[in-house]
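Trainee: what follows is a predicted protein model with its sequence.
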Amino acid sequence: DSGVTQTPKHLITATGQRVTLRCSPRSGDLSVYWYQQSLDQGLQFLIQYYNGEERAKGNILERFSAQQFPDLHSELNLSSLELGDSALYFCASSADRGAGGYTFGSGTRLTVV
Amino acid sequence: QKEVEQDPGPLSVPEGAIVSLNCTYSNSAFQYFMWYRQYSRKGPELLMYTYSSGNKEDGRFTAQVDKSSKYISLFIRDSQPSDSATYLCAIGSAGNNRKLIWGLGTSLAVNP
């Protein structure tokens, strides 16, 4: 167990629907990162939050949004889902704003049908 | 040109072999370098982390950074079937956003 908890582990939904993925960071970590991983694209950085504030944005679609709550857990909202959104979504956390590695959760596998 | 290039493999070796995995990068501003291991359907797990040029060893794993050539390597000695996984390099620069640039990953199979 890495200490980063993601729920749900699996999600199957229809095109056009909206889903919410949840992440609880490792205890003491202030930064949360969301990544999308598909077979042909590798790990794609979506967005980072630090202590409740958006810190960096990557290749996040406008249909996607995220937030980090006062208790530091984070949610990634995916709306108007398309078949191409099917992927593994990972959350990672880190301790501070300096250099260092991330700790990843085990991911949410999203299948859009 | 991608910021980080990594040969996706797949790489297949016999048990006990020495494995060499590599990434090249284009931006000399990158200051820290990591290797992650990802088993199928699991999250990436940090294996090695280094700031500077040179070698860093941890058990059977050695990370090597050559900043002048913008080239990083991960060596696995006495490879085991349990090393079968995808290995991703990640490279970053210091700063508040701590954004990492990721290689696509190299798939490794160690055959008993």
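Mentor: That came through, no problem.
Trainee: count of residues packed around A:S65?
Mentor: The tally of other residues near A:S65 (other CB atoms under 10 Å in any protein chain shown) stands at 14. Heads up, the C-betas are built off the backbone N, CA and C, glycines and all.
Trainee: quick check: closest non-adjacent residue to it.
Mentor: Closest residue to A:S65 apart from its sequence neighbours, by CB to CB, 6 or more residues apart in numbering or on different chains: A:N77 at 4.9 Å.
Trainee: for A:A14, same thing?
Mentor: A:V113 (5.9 Å).
Trainee: contact partners for that neighbour?
Mentor: Contact partners of A:V113, counting by CB atoms under 8 Å, 6 or more residues apart in numbering or on different chains, are A:12-15, A:83.
Trainee: and A:E53, by the same measure?
Mentor: Contacts for A:E53 (CB under 8 Å, 6+ apart) come out as A:Q68.
Trainee: that older thread, where's the residue nearest to A:S65 relative to chain B, distance?
Mentor: Going from A:N77 to chain B by CB to the nearest CB, to the nearest Å gives 20 Å.
Trainee: which residues pair with that residue across the strands?
Mentor: The partner list for A:N77 in beta bridges (DSSP bridges) reads A:T20, A:S65.
Trainee: surely it touches A:T20?
Mentor: Yes - contact criterion CB atoms under 8 Å: A:N77 and A:T20 qualify, at 5.2 Å.
Trainee: so what's A:L110 up against?
Mentor: Contacts of A:L110 (CB under 8 Å, 6+ apart): A:11, A:13, A:19, A:21, A:78, A:85-89.
Trainee: do the same with A:H73
Mentor: Contacts of A:H73 (CB under 8 Å, 6+ apart): A:22-25.
Trainee: could you rerun that using 7 Å?
Mentor: A:H73 sits next to A:22-24 when contact means CB atoms under 7 Å, 6 or more residues apart in numbering or on different chains.
Trainee: just the buried ones from those residues?
Mentor: With neighbours counted by 16 or more other CB atoms under 10 Å in any protein chain shown, those contain buried members at A:23-24.
Trainee: okay, the contacts of A:H73 in CSV with distance to chain B, pLDDT and secondary structure next?
Mentor: Formatted as CSV, the contacts of A:H73 follow (distance: CB to the nearest CB, whole Å; pLDDT from 0 to 100; DSSP: H, G, I helix; E, B strand; the rest coil):
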residue, distance to chain B, pLDDT, secondary structure
A:R22, 15, 98, strand
A:C23, 11, 98, strand
A:S24, 14, 98, strand
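Trainee: when you scan the lowest-mean-pLDDT helix or strand in chain B, is anything in it near chain A?
Mentor: In chain B, no helix or strand scores lower on mean pLDDT, DSSP states H and E than strand B:100-102, which sits at a mean of 87. Yes - applying CB under 7 Å from any CB of the partner chain, one finds strand B:100-102 touching chain A at B:W102.
Trainee: counting by contacts, list what that strand packs against.
Mentor: Strand B:100-102 makes packing contacts with strand B:85-92 when contacts are defined by 3 or more CB pairs under 7 Å, 6 or more residues apart in numbering or on different chains; DSSP states H and E.
Trainee: over to A:D85: give its phi and psi.
Mentor: phi -80, psi -10 (degrees, to the nearest 10).
Trainee: I'd like to know which of the contacts of A:L110 are buried.
Mentor: Using 16+ other CB under 10 Å, the buried members of the contacts of A:L110 are A:11, A:13, A:19, A:21, A:78, A:85-89.
Trainee: alright, calling it a day.
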